[in-house]
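A.B. asks: Fold the stuff below for me.
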Amino acid sequence: MNWGTKIVLGMIAFMMFIVGMVVYMFHVHGRDALIEENYYEKGINYNAEYNAKVNVIDDNASPKITITKTQIIIEIKDSATYNLILMRPANSNDDVKLKGQTTGTANLILVDKTKMPRGMWFLNLQWHSSGKDYLFKNNITL
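C.D. replies: Sure thing, here's the model as predicted:
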C-alpha cells in the first residue's frame, strides 16, 4: 500500500467519524434538558412568575416537602389546584408532570417515586389558592 492510498483511507475514516458525530448529536438533541421549549413565552410572562414567587414569600406559603422511600409528600398551606413538574437534568425523558387538586385536610400532593431514578431533580410547583397564584422552585435529591 502506497502513501496515496493511506491518505485516502485516513480521509474516509475521518469523514465517517464526522458523520457519526453529526448523527449522534441529532439523536441527543431531542432529549436535551437544558433548553426549555417555550423560553420566549416564559420571558414575556416573567412578571406573572415573579408575582407568584412573591406571593409565596408574602403569605408565608412555602410548601413542606418530605421524601420517604416510596413517595414524595408535598404539603401546601391551603387547598389548591396545582401543576407540578419534576425535571431531571440528566435526561428529559424522566420528567414527571402532574396536575390536580390537593388531597385530604392536610392539603397534600403525593408523588410515587418508586420508578424515578436517583439523583438531583428540579421541582417546579405552581398552584392557585384563595384567588392567588403561587410558584415554588427548588432542587431535591432522591
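A.B. asks: Next one: the residue most central in space within the chain from residue 25, what distance?
C.D. replies: With distances taken as CA atoms, centre = their mean, residue 87 lies nearest the centre of the chain, 2.0 Å away. Per CB to CB, to the nearest Å, residue 87 is found 22 Å from residue 25. Any C-beta I mention is one placed from the backbone N, CA and C, and that applies to glycine too.
A.B. asks: Could you pull out the strands in the chain for me?
C.D. replies: 64-67, 71-75, 81-87, 96-101, 108-112, 120-129, 132-141 (DSSP state E).
A.B. asks: Could you give the bridge partners of the residue nearest to the centre of the chain?
C.D. replies: residue 122 (DSSP bridges).
A.B. asks: any idea how far residue 78 is from it?
C.D. replies: For residue 87 relative to residue 78 (CB to CB), the value is 25 Å.
A.B. asks: follow-up on the earlier one: for the strands of the chain, please prepare TSV with the additional fields distance to residue 6.
C.D. replies: Shown next, in TSV, are these (distance: least, CB to CB, whole Å):
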stretch	distance to residue 6
strand 64-67	59
strand 71-75	59
strand 81-87	49
strand 96-101	53
strand 108-112	59
strand 120-129	48
strand 132-141	52
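A.B. asks: Return the helix or strand in this structure with minimum mean pLDDT.
C.D. replies: helix 39-44 (a mean of 78; mean pLDDT, DSSP states H and E).
A.B. asks: I'd like to know which elements that one is packed against.
C.D. replies: Packing contacts for helix 39-44, counted by 3 or more CB pairs under 8 Å, 6 or more residues apart in numbering; DSSP states H and E, involve no helix or strand.
A.B. asks: Looking at the residue nearest to the centre of the chain now. What's its pLDDT?
C.D. replies: Note for residue 87: predicted pLDDT of 89.
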